[in-house]
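K.L.:
this is the structure alone, sequence omitted:
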């Protein structure tokens, strides 16, 4: 699928057989906010980046990508229960992110941090290249 095929109006995006994900057509600088996974023992993780666009921006019909840049990713945990303890896991490959039993599969993470529930608004900064992937999951310390 080309980038142009990924764009659609709301009417086009809602049609039967349309792509699962689309970006608004004729609207500049949109992205996707993934709000999951949500489930037992999981806590929402909010990510913010120090870079919010590619320079130079990709023009319609162009296939080349700009050179990667170093950016800061700020990881924030806001919905913590003060009576609980948590573990934040970092993964660098989607294939390493477990579907369940995060603590039992902790060896798949490239890093982990213990977080007290009393630290609502807990955050940390991670440096990475804009061409890298990173995944975070925060779970109760007592979860399987």
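P.N.:
Okay, I see it. This structure is a prediction, so every number in the text was calculated from the model and none was measured.

K.L.:
which residues touch the closest residue to residue 80 other than its chain neighbours?
P.N.:
Closest residue to residue 80 apart from its sequence neighbours, by CB to CB, 6 or more residues apart in numbering: residue 117 at 4.3 Å. For every residue, glycine as well, the C-beta is placed using N, CA and C. Residues near residue 117 by CB atoms under 8 Å, 6 or more residues apart in numbering: 80-86.

K.L.:
now render those residues as JSON lines, adding neighbour count, pLDDT and distance to residue 59.
P.N.:
Shown next, in JSON lines, are the contacts of residue 117 (neighbours: other CB atoms under 10 Å; pLDDT from 0 to 100; distance: CB to CB, whole Å):
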{"residue": "80", "neighbour count": "21", "pLDDT": "92", "distance to residue 59": "43"}
{"residue": "81", "neighbour count": "12", "pLDDT": "93", "distance to residue 59": "48"}
{"residue": "82", "neighbour count": "9", "pLDDT": "95", "distance to residue 59": "50"}
{"residue": "83", "neighbour count": "7", "pLDDT": "95", "distance to residue 59": "53"}
{"residue": "84", "neighbour count": "15", "pLDDT": "95", "distance to residue 59": "48"}
{"residue": "85", "neighbour count": "14", "pLDDT": "96", "distance to residue 59": "49"}
{"residue": "86", "neighbour count": "23", "pLDDT": "96", "distance to residue 59": "43"}
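
K.L.:
show me these that map onto strands.
P.N.:
Counted as lying in strands by DSSP state E, out of the contacts of residue 117, are 85-86.
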